[in-house]
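Visitor: Sequence plus the predicted model coming up.
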Amino acid sequence: MSTAISRFLALGTISGARYLMAGAVLGAIIALTLNMALSSAEPRTPSRPGPMGGGMPATNGETTSPYDVPVGTCLNWTESDGSDMTAVDCDEAHVFEVTEIIQVGNDFPQDAERPSVERWRKIAGKRCKDGVEEYLDDPLDPEGKYSITALLPNQPEWDSGERTLRCGLWRIGPGGSLQATTGSAKDQSQSDIWAKGTCLGLQDKSVGDPVSCDKPHSYEMIAIIKLSNHFDGGYPPKKKQNAFLDKVCAKRIQGYTGGINLEKKNLIATWDTRSKASWKAGSVYVNCKVARLLKDESGLAPITGSIAKEPPEEKKPDSDSGGDGDSGGGSGDDKDADGSDGGSGDGDSDSDGSGNGSGDTNGSGDGDTANGADENAPDTPAGS
């Protein structure tokens, strides 16, 4: 086994808490993902970088060890072994952002053995989360787009005296691949959504990572809705979110498709909802989207080809630029602009797969939503 491969780890979640280990395909390091489990973590190359600023300056494009960069640095790599890892400006496409540097030398002198995976878990699980929330100056959305991660010294680095752990944030797609983002996490909403026009792949009757819409997929994202524009009295119960989105998403779909009849094409409308924890963290955006169920309703059926009346413009990696191409309104709330993974309709607690909202509707009208204008929608990466 090569030195690089021996550094990879892939472990599941512990005690139902979406926080500990996941395998990261990095050549010189091991990555501890503190809030979700993955089968892989290979990066996806974005279609093009986005315009947001933030973070540390790039290092002239030279490959940089994670132990040579300070807090606030964004790292990018495209090779599955991480051999091309480079520090970049956070306004460029990247897959990791350093949020805290933890020294463990007091606990592990020079002659100490390298900690076990379980020991690293305890160290990172205890210390990284608080540091991330201090870095963000906001709570971490437990259902949002960012996962807490830690970069660890490998055995040769440990033997040479390296005793630091670098906590950070990255974004994992629903299928387990690293997704490039743009803009510092400090300036992004954590909302778990995708850009309008994005298609998410299909994996074993469920949702996967972004794919081109001409390939079999599970969802096509129709619109991004900013719930806080319509619910200004605090967190809206999911019953109210569903009732509101049932109407609004239907209108968005008609505008996006030019009046398609979903039933005749065996398609359904669906959308995300937000939990109280997500709302508290500032995640107020949701996706309207379209899917197809298997005949026995045991999962999602494949869809091939976009249903858009006109192909959406190519999207940048998720950045806080506001507006996704047909945005026509919104409050300009930069704090909440984001792009993230909206894996709903697939049974997670923060989604509604039926497309049939019920219950009381919020009193705030959907006036300009009738024309299908996305509300200050943040740019996010479309399928590649």
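Guide: Now that the structure is in, tell me what you want to look at. Not measured: the values here are computed from a predicted model. Residues are numbered from 1 along each chain as shown.

Visitor: Compute the number of surrounding residues for the nearest residue to residue 104 once chain neighbours are set aside.
Guide: Nearest residue to residue 104 in three dimensions, chain neighbours excluded: residue 163, at 5.2 Å (Cβ to Cβ, 6 or more residues apart in numbering). Where C-beta positions appear, they are placed from N, C-alpha and C, glycine not excepted. Neighbour count for residue 163, taken as other Cβ atoms under 10 Å: 18.

Visitor: I figured residue 163 was touching residue 153, is that so?
Guide: Yes - in this structure residue 163 lies within contact range of residue 153 using Cβ atoms under 8 Å: 7.4 Å.

Visitor: Break the chain into its domains for me.
Guide: 5-186, 190-371 (automatic domain parsing).

Visitor: Quick one: mean pLDDT over stretch 151-162.
Guide: Stretch 151-162 carries an average pLDDT of 85.

Visitor: Would you work out how far apart the start and end of that stretch are?
Guide: Start-to-end span of stretch 151-162 (Cα to Cα, to the nearest Å) is 12 Å.

Visitor: Same question for stretch 261-280.
Guide: OK, stretch 261-280 end separation, Cα to Cα: 37 Å.

Visitor: Can you point out the buried residues in it?
Guide: Of the residues in stretch 261-280, 262, 267-275, 277-279 count as buried by neighbour count, 16 or more other Cβ atoms under 10 Å.

Visitor: what is the rounded mean pLDDT of it?
Guide: The average pLDDT for stretch 261-280 rounds to 96.

Visitor: elements contacting the strand ranked longest in the chain?
Guide: As assigned by DSSP state E, the longest strand anywhere in the chain is strand 217-226. Of the remaining helices and strands, those touching strand 217-226 by 3 or more Cβ pairs under 8 Å, 6 or more residues apart in numbering; DSSP states H and E are strand 199-203, strand 206-211, helix 238-257, strand 285-291.

Visitor: how about the strands in the stretch 1-150 of the chain?
Guide: 29-33, 43-44, 74-76, 86-88, 96-103, 146-153 (DSSP state E, counting those that start in this stretch).

Visitor: ok, of those strands, where does mean pLDDT dip lowest?
Guide: strand 43-44 (a mean of 40).

Visitor: Ranked by average pLDDT, which of the domains of the chain falls at the bottom?
Guide: The minimum mean pLDDT among those belongs to domain 5-186 (a mean of 70).

Visitor: Residue 131: which of the helices and strands packed on strand 217-226 is closest?
Guide: strand 285-291 (25.6 Å; Cβ to Cβ).

Visitor: Neighbouring strands of that closest one in the sheet, and parallel or not?
Guide: Strand 285-291 has the following strand partners under DSSP bridges: strand 217-226 (antiparallel), strand 268-272 (antiparallel).

Visitor: which residue ranges form the helices in the chain?
Guide: 117-136, 155-159, 238-257, 276-280 (DSSP state H).

Visitor: how many degrees apart are the third one and strand 285-291 in direction?
Guide: Comparing the axes of helix 238-257 and strand 285-291 via axes from the mean of the first three to the mean of the last three Cα atoms, to 10 degrees yields an angle of 60 degrees.

Visitor: what sits against residue 135?
Guide: 71, 99, 100, 185, 186 (Cβ atoms under 8 Å, 6 or more residues apart in numbering).

Visitor: who are the neighbours in contact with the residue nearest to residue 165 when sequence neighbours are not counted?
Guide: Excluding the flanking residues, the one nearest residue 165 by Cβ to Cβ, 6+ apart is residue 102, at 4.5 Å. Neighbouring residues of residue 102 by Cβ under 8 Å, 6+ apart: 123, 124, 127, 128, 131, 164, 165, 166, 167.

Visitor: Now a PyMOL select for only the buried ones of those.
Guide: Of these, the buried ones go into a single PyMOL selection, burial set by 16+ other Cβ under 10 Å:
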select buried, resi 123+124+127+128+131+165+166+167
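
Visitor: how about the contacts of residue 102 in CSV, adding distance to residue 178?
Guide: Listed next are the contacts of residue 102 as CSV, based on distance: Cβ to Cβ, whole Å:
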residue, distance to residue 178
123, 23
124, 18
127, 23
128, 18
131, 21
164, 22
165, 19
166, 16
167, 17
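
Visitor: Isn't residue 211 up against residue 199?
Guide: Yes - at 5.7 Å, residue 211 counts as touching residue 199 under the criterion of Cβ under 8 Å.
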